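Visitor: sequence and predicted structure are below.
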2 protein chains.
Amino acid sequence: MPEGPIRAPGSGSAAGLLREIASTGIDPVRGGYSRPVFSTAEQDLRQWFAGAASARGLEVTTDRNGTIWAWWNPRGHPLEGSVVTGSHLDSVPGGGQFDGPLGVASALAAVDHLVTRGTTPRRALAIAVFGEEEGSRFGVACLGSRLMAGAIDPDRARNLRDQQGDTFADVCAASGVDPDRLGRDDEALRRIGAFVELHVEQGRSLIDVGEPVAVGSSILGHGRWKLTVSGQGNHAGTTLMADRRDPMVAAARTIVAIRDGAAAQKGARATVGRVAPVPGGTNVIASRVDLWLDVRHPDDAATAALVEDLHARARVIAAEEGCTASLSEESYSGTVHFSSPLRQRLSAVLPHAPVLETGAGHDAGVLAPHVPTAMLFVRNPTGVSHSPEEYVEDEDAERGAVALADCLEALLVSDGG
Amino acid sequence: MPEGPIRAPGSGSAAGLLREIASTGIDPVRGGYSRPVFSTAEQDLRQWFAGAASARGLEVTTDRNGTIWAWWNPRGHPLEGSVVTGSHLDSVPGGGQFDGPLGVASALAAVDHLVTRGTTPRRALAIAVFGEEEGSRFGVACLGSRLMAGAIDPDRARNLRDQQGDTFADVCAASGVDPDRLGRDDEALRRIGAFVELHVEQGRSLIDVGEPVAVGSSILGHGRWKLTVSGQGNHAGTTLMADRRDPMVAAARTIVAIRDGAAAQKGARATVGRVAPVPGGTNVIASRVDLWLDVRHPDDAATAALVEDLHARARVIAAEEGCTASLSEESYSGTVHFSSPLRQRLSAVLPHAPVLETGAGHDAGVLAPHVPTAMLFVRNPTGVSHSPEEYVEDEDAERGAVALADCLEALLVSDGG
């Protein structure tokens, strides 16, 4: 066993760290992991991270938006303009083991590498762990980074509700985060001189080119909309087919129209992954069906036009079924291009790494308009994500952690800029 | 205040009794009432019933299938061949106030009328309250009466699970019903000489003919099937439209095909009121979608043929979307014709009451193959059921209770047969 606060060099590999949390938040019903923000599982992961960071001598704090910061600052540099890496620990329902935690574990492993190498940092390094990146509990993705960046009104955030009807404010308060202090945190933003997020790849590009690590170039514009289709709730047995105003049928036709509309537009992706009929009884014609629409396209104007088109189709279909349809935006992030100079510095450190865009949203995308931001992606042999099939080989996890350490080292020892 | 165990005659009207439970099980999210079997709300209603029956001097017991019996037997007749009335207290999610409780409250009010009239019964009378009539918690409608009648294997019943994953056996045990003793109860069946269930009408027939009460003739054959559509879970942003095997799209196309298939067949009704995507995240292409299919038709062979046709359509659609579909029956009840002699006796007592068939399932339908069974329906001015809009005017509730008292009295004072 190592003595003192710094772990023995090499004691933690990214894959080994992930194995420490492999039993936390397993979902026996859906398969995979369900780790919604501030659930018992995600709280356990936060505790695990704080313990692992403290064991490395990092100083751990939680800021007023619930983001955890673990500081490696052996030379006592001022915190402004630090190098920051990190990701998130929350998951989609029934998600994989790597989306989020791989970036956090790789950050811890990268610190081990820097210590082993005897790196002398010329600025402070922090690992940041953001909350509700997936938006799987309160509906708004990247909620923690949005709050810090002022990209969501704190009042709106406080009033977001989970499926149990609890508000984000209530859940924050129960988790030790003062809901009255949520919101833009300029001091925290000023501490970030550069942000590098490592993430499992959520597609097949690295498999195709045969490389373990890529550098990110951009994030596809994406948003979420809630579509509510309202009809006439009634008894499934006593109501003749001709007398129905069934919002489930209208919603079903709309789901098909959404797929067809997106398939007809190059570069567009539109998904309905969540549907909630009200009341939801087997022998009850629903009175209302809520469905959530995820739309992405590289061109923000094309996304807006596609959503408007899908909304118009939904209204026509609903009217044909004697129902009504209304759409409301829950979140939107335009296409983000990461900092060009920072990306070029990472590419110089990792000359073999291809440069990839991604269709997935990340906290790095929310921070990009405010601070120089970059991403690394690690090969996923299944190409599948947001699913238990998401995977990273141990060797690739280690290659990713080493690549992250190389990038962080380059940033930490440089004069800045 | 009345003295002794018998309430003052006329102290309880059906509408007044329903007002006593008007605040129990209100569903603030869906609207209406959610009173699933053995929930806190339904347990509160059971306690209320036991109290109201005891206050009338009725002897209250719960049998081994969780059915409550309240006996009015002032002359100490043997219980075999008794006259039994009753209904249920559980509701669909977000249901109305009358489906079930109206029959229970009217039975209590009818006893008050018989006492007021000084009726001298020549046999015992019981009010029975069955559990899980709606099947809204464990998926099988009329579960309590099915168990008593031996119409479901007790092992299958014990292993039914609610949405929290709790088994019916566990929930029974926690509610004081020994799960090992569930199953066919011949002694209970022998006690029923005739069963008369009063129920709110779940359609518009009584509005159209301008009568407050009808006599039931038959129950449409009906069943529930679970359709599972399986595809490939993946990330909503990184998976191109062309690369998807999205079970939500296949399920949506199937829902439309189900509606179209039923609409094309005279007398058929097919409904999808409950859909559960797995994992159900907004930014996740589902890996699986479960949906529940409710199909009804007067001709059992036509129902079977329609379900087979819908299953075939679902398989074709699923294959077109790169998915698979499989259907399993959860429950089925063939078309039931109530006892002709008993119906004629009720029509003789209520000469103005029209004779109606119903598309809704009832415990009376499950009991009909075993004991002489009849139903009364009370006018519903909205014609809507399984919805907060379901309604009964106070005057009609009282007319229903009086009609029930008249029928019960005729059966109680006759020589039998």
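Guide: Happy to help now that I have it. Numbers count the residues shown, from 1 in each chain, chains lettered A, B, ... in the order given.

Visitor: can you tell me the SS state at the closest residue to residue A:179 other than its chain neighbours?
Guide: The shortest distance from residue A:179 to any residue that is not its chain neighbour, by Cβ to Cβ, 6 or more residues apart in numbering or on different chains, is 3.7 Å, and that residue is residue A:169. Placement of C-beta: from N, CA and C, glycine included. Using DSSP: H, G, I helix; E, B strand; the rest coil, the structure places residue A:169 in helix.

Visitor: now do residue A:119
Guide: Following three-state DSSP, residue A:119 is assigned to coil.

Visitor: now do the residue lying closest to it once chain neighbours are set aside against residue A:120, distance only.
Guide: The shortest distance from residue A:119 to any residue other than its chain neighbours is 5.3 Å, reached at residue A:409 (Cβ to Cβ, 6+ apart). When distances are taken as Cβ to Cβ, to the nearest Å, residue A:409 and residue A:120 turn out to be 10 Å apart.

Visitor: follow-up on the earlier one: any idea how far the helix or strand harbouring the residue nearest to residue A:119 is from the middle of the chain?
Guide: Take DSSP states H and E as the rule and residue A:409 turns out to sit in helix A:394-413. Distance of helix A:394-413 from the chain centroid (Cα atoms, centre = their mean, to the nearest Å) equals 21 Å.

Visitor: give the buried residues for it.
Guide: Buried residues in helix A:394-413, counting neighbours by 16 or more other Cβ atoms under 10 Å in any protein chain shown, are found at A:396-409, A:411-412.

Visitor: show the average pLDDT along that helix.
Guide: Taken as a whole, helix A:394-413 carries a mean pLDDT of 97.

Visitor: buried residues of stretch A:142-156, list them for me.
Guide: By neighbour count with 16+ other Cβ under 10 Å, stretch A:142-156 contains the buried residues A:142, A:143, A:144, A:145, A:146, A:147, A:148, A:149, A:151, A:152, A:154.

Visitor: what sits against the third one?
Guide: The reference is to residue A:144. Under the criterion of Cβ atoms under 8 Å, 6 or more residues apart in numbering or on different chains, the contact list for residue A:144 reads A:65, A:66, A:67, A:88, A:130, A:131, A:132, A:133, A:363.

Visitor: residue A:364 and residue A:375 touch, don't they?
Guide: Yes - the pair residue A:364 and residue A:375 qualifies as a contact (Cβ atoms under 8 Å) at a distance of 5.2 Å.

Visitor: identify the contacts common to those two.
Guide: Taking Cβ under 8 Å, 6+ apart as the criterion, residue A:364 and residue A:375 both touch A:197, A:216, A:338.

Visitor: let me know the closest of the residues you listed to residue B:283.
Guide: For the shared contacts of residue A:364 and residue A:375, the minimum distance to residue B:283 (Cβ to Cβ) is 17.0 Å, reached by residue A:197.

Visitor: how close does the closest one sit to residue B:39?
Guide: Applying Cβ to Cβ, the value for residue A:197 to residue B:39 is 45 Å.

Visitor: quick one: which of these two has more around it?
Guide: residue A:197 (30 against 19; other Cβ atoms under 10 Å in any protein chain shown).

Visitor: you'd agree the more buried one is up against residue A:375?
Guide: Yes - under the criterion of Cβ under 8 Å, residue A:197 makes contact with residue A:375 at 5.0 Å.

Visitor: who touches both of the two?
Guide: A:362, A:364.

Visitor: name the nearest residue to the residue of the stretch 201-350 of chain A found nearest chain B, ignoring sequence neighbours.
Guide: Of the stretch 201-350 of chain A, the residue with the smallest distance to chain B, taken as Cβ to the nearest Cβ, is residue A:279 at 3.1 Å. Taking Cβ to Cβ, 6+ apart, and ignoring the residues beside it in sequence, residue A:279 has residue B:94 as its nearest neighbour in space, at 3.1 Å.

Visitor: touching, residue A:234 and residue B:385? I think so.
Guide: Yes - contact status for residue A:234 versus residue B:385: in contact at 6.6 Å, counting by Cβ under 8 Å.

Visitor: which residues of the stretch 151-300 of chain A fall in strands?
Guide: Ranges of strands in the stretch 151-300 of chain A, per DSSP state E, counting those that start in this stretch, are A:192-200, A:213-219, A:221-230, A:234-235, A:269-278, A:284-285, A:288-297.

Visitor: need those in a markdown table (columns: mean pLDDT).
Guide: Rendered in a markdown table, the data for the strands of the stretch 151-300 of chain A read as follows (pLDDT from 0 to 100):
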| stretch | mean pLDDT |
| --- | --- |
| strand A:192-200 | 98 |
| strand A:213-219 | 96 |
| strand A:221-230 | 95 |
| strand A:234-235 | 91 |
| strand A:269-278 | 97 |
| strand A:284-285 | 94 |
| strand A:288-297 | 96 |
